[in-house]
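Undergrad: Output the structure for:
(one chain, ligands or ions: 1)
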Amino acid sequence: MKLYSTNNVNNIVDLKEATLNALPEDKGLYLPIEINKLEPTFIKNLHKHSFTEIAYRVSSKLIGNEIPDSELIKICETAINFPAPIRKLKDGLYTQELYHGPSLAFKDFGARFMAETMSYFIQKENKKLTILVATSGDTGGAVAAGFHKVKNIEVIILFPKGKVSPLQELQLTTWGDNIEAIEVNGTFDDCQAMVKKGFLDPELNQYNLSSANSINISRLIPQSFYYFEAVKQIGQEKDITIAVPSGNIGNISAGSIARNMGLPIHTLIAAHNANNTVPQYYNSGTYQAKKSVSTISNAMDVGNPSNFPRYSILNGSTWNNLKNNNLAFSYSDQETKTALKEIYDRFNYISEPHAAVAYKSLKEKTVDKSHNKIFLGTAHPAKFHEVVNEILELEIEIPESLNVLKNKESYKTTLKDYDSFLEYMRNRR
Ligand SMILES: *Cc1c(COP(=O)(O)O)cnc(C)c1O
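TA: Next up is the predicted model:
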């Protein structure tokens, strides 16, 4: 597989380099030089294939022979070992539940596949890797679950003290083994700044640092799999519109990859909360990054979506091309709450704020009513039980996998600044 950097088309690497060193020095994003189309008979016959088989066929088409078939099958079997079911709310309206993985958010798809891929690449070389990751909530939990007990890889998670939910914190701190959690007296931006400084620090070079950042191409590839699974379950009799709860727009970029490989998705909708950088671009043709604002769909609180160059290039590079088969909308918290309530009242289905934003977008008048319409469910409602309970006036059940965390021992170290982080790294063993 050959990939180029969006900031320098002459910077060409293979998948191994793009996975282990996700951030090119030119600060671009890696994209495949070629996105191969799948055979039309395979696409027509999706229903004959299991989800794991689909994962293997799609990744194999993208990755080519850089990972041998026998290994790629193993990676897919280990990483994609939970379902992505479509639920019908009424004729023409569906949701796809992407939250049946260990951390109960769709980020498990990306994190698990990336963990297996990294592990494959470093085991061939007998190397050890230390992964640094800053998280505002969901990413850290998925990365920890994905890498727990993966050989020769250690993970250090930095999170802002008191700024992740109590359950999210337990998803970071109760692993032990090769997963270390550090709470930083500061904000998410402080955590991210420490990670970035760490990568540039010559003293830390000896630890073979790597990143599990959301821009890693190995996190994006597996996110295309569930779009195929959605089309498989819903059938291809009607055109399909998929609404994607969007923040850093990695998810919708993966949907764009699936479509470019020949999957019949007619329209993709980027559904955003009040952080409306992408919808504003869609309406005006001008991309203007902003400071993020806090909302009840906080995993989408992004003012400068890091995957924007990918989303743009995958959709034809120009504003006019992008507008062809895409839509983008932004909604306030009040609109999100009303939508969440409506999903419950009309369909007796408990959703959560991120998915509710996407549901709302399917009601826009520019959406073709004759299509089969799907909104992606990116997280289990229990992950956001405080908001969901309040809006729906009920008490949702917390899944056992989250409840057991309350009885587990929790490990974390508290650090205040970069110097104390350096000291921590020196004394780790
Ligand atoms: C991360 C996340 C999103 C946003 O996905 P992007 O790929 O960043 O657009 C949406 N919903 C939930 C629950 C998330 O955790």
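Undergrad: Now look at the biggest helix by length in the chain and say if it contacts the ligand.
TA: In the chain, taking DSSP state H as the definition, the longest helix is helix 107-123. Yes - using CB under 6 Å from any ligand atom as the criterion, contacts between helix 107-123 and the ligand involve Lys107. C-beta: built from backbone N, CA, C; applies to glycine.
Undergrad: got the CA positions of that helix in PDB?
TA: As requested, the backbone C-alpha atoms of helix 107-123 are provided in PDB (Å, rounded to 0.1, in the frame of the first residue of the first chain):
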ATOM      1  CA  LYS A 107     -14.100   4.300  18.200                       C
ATOM      2  CA  ASP A 108     -13.500   0.600  19.100                       C
ATOM      3  CA  PHE A 109     -13.500  -0.300  15.400                       C
ATOM      4  CA  GLY A 110     -10.600   2.100  14.700                       C
ATOM      5  CA  ALA A 111      -8.700   1.500  17.900                       C
ATOM      6  CA  ARG A 112      -8.800  -2.300  17.800                       C
ATOM      7  CA  PHE A 113      -7.800  -2.600  14.200                       C
ATOM      8  CA  MET A 114      -5.000  -0.100  14.700                       C
ATOM      9  CA  ALA A 115      -3.700  -2.000  17.800                       C
ATOM     10  CA  GLU A 116      -3.600  -5.300  15.800                       C
ATOM     11  CA  THR A 117      -1.900  -3.700  12.800                       C
ATOM     12  CA  MET A 118       0.700  -1.900  14.900                       C
ATOM     13  CA  SER A 119       1.400  -5.100  16.800                       C
ATOM     14  CA  TYR A 120       1.900  -7.000  13.500                       C
ATOM     15  CA  PHE A 121       4.300  -4.400  12.200                       C
ATOM     16  CA  ILE A 122       6.500  -4.200  15.400                       C
ATOM     17  CA  GLN A 123       6.500  -7.900  16.100                       C
END
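Undergrad: which strands and helices sit next to the next helix or strand after that helix?
TA: Beyond helix 107-123 on the C-terminal side, the first helix or strand identified by DSSP states H and E is strand 129-134. Using 3 or more CB pairs under 8 Å, 6 or more residues apart in numbering; DSSP states H and E as the contact test, the elements touching strand 129-134 are helix 107-123, helix 138-147, strand 153-160, helix 188-200, strand 209-211.
Undergrad: Verify the contact between Ser294 and Asp301 for me.
TA: Yes - in this structure, Ser294 sits in contact with Asp301. The criterion is CB atoms under 8 Å, and the distance is 5.9 Å.
Undergrad: Show me which of these two is the more surrounded one.
TA: Asp301 (19 against 10; other CB atoms under 10 Å).
Undergrad: Pull the contacting residues for that one.
TA: With contact set as CB atoms under 8 Å, 6 or more residues apart in numbering, Asp301 has these partners: Ser136, Gly247, Asn273, Asn275, Ser292, Val293, Ser294, Thr295.
Undergrad: one more time with 10 Å
TA: Contacts for Asp301 were tallied using CB atoms under 10 Å, 6 or more residues apart in numbering; they are Ser136, Gly137, Phe188, Gly247, His272, Asn273, Ala274, Asn275, Ser292, Val293, Ser294, Thr295.
Undergrad: SS state for the nearest residue to it once chain neighbours are set aside?
TA: For Asp301, ignoring the flanking residues on the chain, the nearest one in space by CB to CB, 6 or more residues apart in numbering is Ser292 at 4.7 Å. The local conformation at Ser292, judged by DSSP: H, G, I helix; E, B strand; the rest coil, is coil.
Undergrad: count of neighbours near Ser292?
TA: Ser292 is flanked by 21 other residues according to other CB under 10 Å.
Undergrad: so what's Leu158 closest to, chain neighbours aside?
TA: Cys191 (4.1 Å).
Undergrad: same deal with Gly64?
TA: In space, not counting the residues next to it along the chain, Gly64 is nearest to Met1; the distance is 5.1 Å by CB to CB, 6+ apart.
Undergrad: List the residues that contact the one you found.
TA: Met1 makes contact with 13-16, 18, 32-34, 36, 59, 62-67, 217, 221 under the criterion CB under 10 Å, 6+ apart.
Undergrad: Tell me the predicted confidence for Arg429.
TA: With respect to pLDDT, Arg429 has a value of 66.
Undergrad: Pull the number of nearby residues for Glu393.
TA: Using other CB under 10 Å, the number of residues around Glu393 comes to 8.
Undergrad: of all of the stretch 1-150 of the chain, which residue lies closest to the ligand?
TA: Asp138 (3.7 Å; CB to the nearest ligand atom).
Undergrad: So that residue versus Phe308, what's the distance?
TA: Distance check for Asp138 against Phe308: by CB to CB, to the nearest Å, it reads 20 Å.
Undergrad: Can you name the residues of the stretch 301-429 of the chain that neighbour the ligand?
TA: Contact residues of the stretch 301-429 of the chain with respect to the ligand, defined by CB under 6 Å from any ligand atom, are listed as His354, Thr378, Ala379.
Undergrad: Show me the one in the residues you listed that has more neighbours than the rest.
TA: The most crowded member of these, judged by other CB under 10 Å, is His354 (32 neighbours).
Undergrad: Work out for me the element that one sits within.
TA: Taking DSSP H and E as the definition, His354 sits inside helix 353-361.
Undergrad: Counting by contacts, list what that helix packs against.
TA: strand 93-97, strand 240-245, strand 267-272, strand 326-330, helix 333-347, strand 372-377, helix 385-392 (3 or more CB pairs under 10 Å, 6 or more residues apart in numbering; DSSP states H and E).
Undergrad: From the rest of the structure, what touches the very next helix or strand once past the last one?
TA: As assigned by DSSP H and E, the chain's next helix or strand after helix 385-392 is helix 400-403. Helix 400-403 is contacted from outside by 101-104, 145, 167-168, 170-171, 380, 382-383, 385, 397, using CB under 10 Å, 6+ apart.
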